[in-house]
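Peer 1: Got a predicted structure here, sequence first:
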Amino acid sequence: MTAVATKPSKRRFLLASDSVDQCSELASILESVGEVDTVSTAEIPDKPADEFSGVVVDINLRSAESVQRVRNKLRGEAYRAMPRLFVLADALHHAAMQAWALGATDTITRPFRPADILQRIQNAFPDSVSFDTSDRGRTLNRGVEAAHAIIRKIFERLPSGSPLTFDDVVAAEAKILKAIKHSSLREWLTTVGCHHAGSYRHCLFVTGFAVAFAQHLGMREDDQRRLTRAALLHDVGKAYIPIEILDKPGKLNDEEIRVIREHPRLGYEALAKQGGFPREMLDVVLHHHELLDGSGYPHGLKGEEISDIVRLTTIVDIYTALVEKRAYRMPFTHTRAFSVMEGMADKLDQQLLQAFRPVAFGSC
């Protein structure tokens, strides 16, 4: 396969591969935009050379040994600020979340065309000569920035008494809707995965999935806006949960679970006290952990007591939590996450869940 020609540059990439003898095609594509140093994943240096623009990791995620090697290297401080593009096997295209957990800032799956790799280089390594400064890229970044600003207000300012208003949320929603409509859910998730972590990342992921789901269902723009607002604020109550519980590096004990289960009520009370938020947004904040069989919390609602917007948000929230990395486990594959949720039977709206399937798998 012949690489796509582009303007030469002096950019330099580190290509780390599980199969150095089989990555010549990938190396030749990269060489069309810069110099390439090729090493095995076992030879990734502890500290990369200063002149490297980024790292391309050609990895077999089925190899526990390779995964551990890459994790140990890329978790170091020296790689934290460096873009890291992971090339994944086609059979494991659903493992983008796992790649992010290993340190990826973008992913691409086989089979690919040279043009695909070059586009990823433009996206993953923004300092390269051919960086994409198109309206599409700017629109995506504006959307993520708008969403992040709301999440930052929630977690950093709301607990100290600084107000979060409905107008703040309305001002952000149009940029978020436009970002996902004119780019893609996958690009939204990748951008969020590059720059945000912890509770911030979860809220931003849930927002992306919820908006993409609404657009997939063909909802009217007003309804898309309603869902965007609800998704952004669904976990507002976590701003009042001690950080040592939210970021605990392991499973929660019974008392910690009791505390974190207070977040729906705490979020609802904060927004209700603030005033100006629509009832359906408060409904999502208070009830997004309710389940159709009555086994959820805080009120044990059943069936028709749970609104459609809450049902939809609950599906997106659970799915996102499953495919995210947790301190005590690796992220589930998309297939496994869906299997778990299908196994929840009468707890979730299974018709809505099946409607969500193409959105979830399309994000890989």
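Peer 2: Cool, the structure landed.

Peer 1: Tell me the buried residues in stretch 283-300?
Peer 2: Across stretch 283-300, burial judged by 16 or more other C-beta atoms under 10 Å covers 283-292, 296. Any C-beta I mention is one placed from the backbone N, CA and C, and that applies to glycine too.

Peer 1: Which two of these have the greatest separation?
Peer 2: Within these, two members stand farthest from each other by C-beta to C-beta: Val285 and Leu292, at 18.8 Å.

Peer 1: In three-state terms, label the closest residue to Arg201 other than its chain neighbours for me.
Peer 2: Nearest residue to Arg201, sequence neighbours excluded (C-beta to C-beta, 6 or more residues apart in numbering): Val192, at 6.0 Å. Secondary structure assignment for Val192 (DSSP: H, G, I helix; E, B strand; the rest coil): helix.

Peer 1: Check the gap between Val192 and Glu31 for me.
Peer 2: 31 Å (C-beta to C-beta, to the nearest Å).

Peer 1: Between the two, which has more neighbouring residues?
Peer 2: Between Val192 and Glu31, Val192 has the larger neighbour count (other C-beta atoms under 10 Å), namely 22 against 14.

Peer 1: what's near enough to touch the more buried one?
Peer 2: By C-beta atoms under 8 Å, 6 or more residues apart in numbering, the contact set of Val192 is 144, 201, 204-205, 208.

Peer 1: between those, which is nearest Ala89?
Peer 2: Closest to Ala89, out of all of the contacts of Val192 and judged by C-beta to C-beta, is Phe205, at 23.7 Å.

Peer 1: mind listing the strands for the stretch 51-200 of the chain?
Peer 2: 54-58, 84-88, 106-109 (DSSP state E, counting those that start in this stretch).

Peer 1: could you dump those to CSV with mean pLDDT?
Peer 2: Output for these, formatted as CSV (pLDDT from 0 to 100):
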stretch, mean pLDDT
strand 54-58, 90
strand 84-88, 85
strand 106-109, 74
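
Peer 1: Let me know which of those is the nearest to Arg12.
Peer 2: strand 54-58 (9.1 Å).

Peer 1: which intervals of this protein have sub-threshold pLDDT?
Peer 2: Applying pLDDT under 70 to the chain flags the ranges 1-10, 90-97, 100-101, 120, 122-135, 194-197, 327-328, 363-364.

Peer 1: And it, what are its domain boundaries?
Peer 2: What automatic domain parsing lists as the domains of the chain is 12-124, 135-362.
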